[in-house]
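Asker: no letters, just coordinates:
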């Protein structure tokens with residue numbers, strides 16, 4: 001980790017521009033909430049030149065994330081009771097992920113992953129972490 005963010009990788013996807021976008025988060029052990037979050041662009045041909053994407057506000061790290069066919073990133077924030085809490089967030093960039101902005105954000109139940117269908121429908125898995133058995137999980141379509 002040469003990003004300067006004291007955290008670990010928690011979400012990853014390949015961008016057709018030849019790089020990975022990696023979500024970095026750390027968990028505060030005292031309350032289970034995310035902290036020190038960032039999104040990093042890692043060029044496959046030169047990983048040492050990885051850079052942190054500048055996102056001014058509204059982004060608190062991703063668990064699961066997907067790069068859409070239009071190049072946006074949709075990801076799930078599983079952040080407990082922190083400001084923003086559990087959200088599905090869509091980021092976009094018009095400068096090849098040097099910077100990004102939040103296009104859409106919607107509060108959801110606790111979730112760790114997202115899937116996008118070919119017709120652009122978002123689905124998340126809702127999890128009750130107090131009862132982590134499969135019968136307590138639901139799949140939900142989320143519309144921004």
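Answerer: That came in fine, so what should we check first? A quick note: this is a predicted structure, and the numbers were derived from the prediction, not measured.
Asker: show the residue spans covered by the strands in the chain.
Answerer: With DSSP state E, the ranges of strands along the chain come out as 8-15, 19-27, 34-43, 51-53, 65-67, 73-77, 87-92, 101-107, 111-116, 122-126, 138-142.
Asker: pick the most buried one from the ones you listed.
Answerer: By mean neighbour count, with neighbours taken as mean count of other C-beta atoms under 10 Å, strand 73-77 ranks first of the strands of the chain at a mean of 26. Just so you know, the C-beta spots here come from the backbone N, C-alpha and C atoms, and that holds for glycine as well.
Asker: which secondary structure elements does that one contact?
Answerer: strand 65-67, strand 87-92, strand 111-116 (3 or more C-beta pairs under 8 Å, 6 or more residues apart in numbering; DSSP states H and E).
Asker: list the contacts of residue 123.
Answerer: Counting by C-beta atoms under 8 Å, 6 or more residues apart in numbering, residue 123 touches 114-117, 139-142.
Asker: any idea how far residue 66 is from the closest residue to it other than its chain neighbours?
Answerer: Among residues not flanking residue 123 along the chain, residue 115 sits closest, at 4.8 Å (C-beta to C-beta, 6 or more residues apart in numbering). Distance, residue 115 to residue 66, by C-beta to C-beta, to the nearest Å: 7 Å.
Asker: same deal with residue 54?
Answerer: Applying C-beta to C-beta, the value for residue 54 to residue 66 is 21 Å.
Asker: returning to what we had before: pLDDT and distance to residue 101 added to the contacts of residue 123, as a markdown table?
Answerer: Shown next, in a markdown table, are the contacts of residue 123 (pLDDT from 0 to 100; distance: C-beta to C-beta, whole Å):
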| residue | pLDDT | distance to residue 101 |
| --- | --- | --- |
| 114 | 90 | 19 |
| 115 | 91 | 23 |
| 116 | 91 | 19 |
| 117 | 92 | 24 |
| 139 | 85 | 28 |
| 140 | 87 | 25 |
| 141 | 92 | 24 |
| 142 | 92 | 19 |
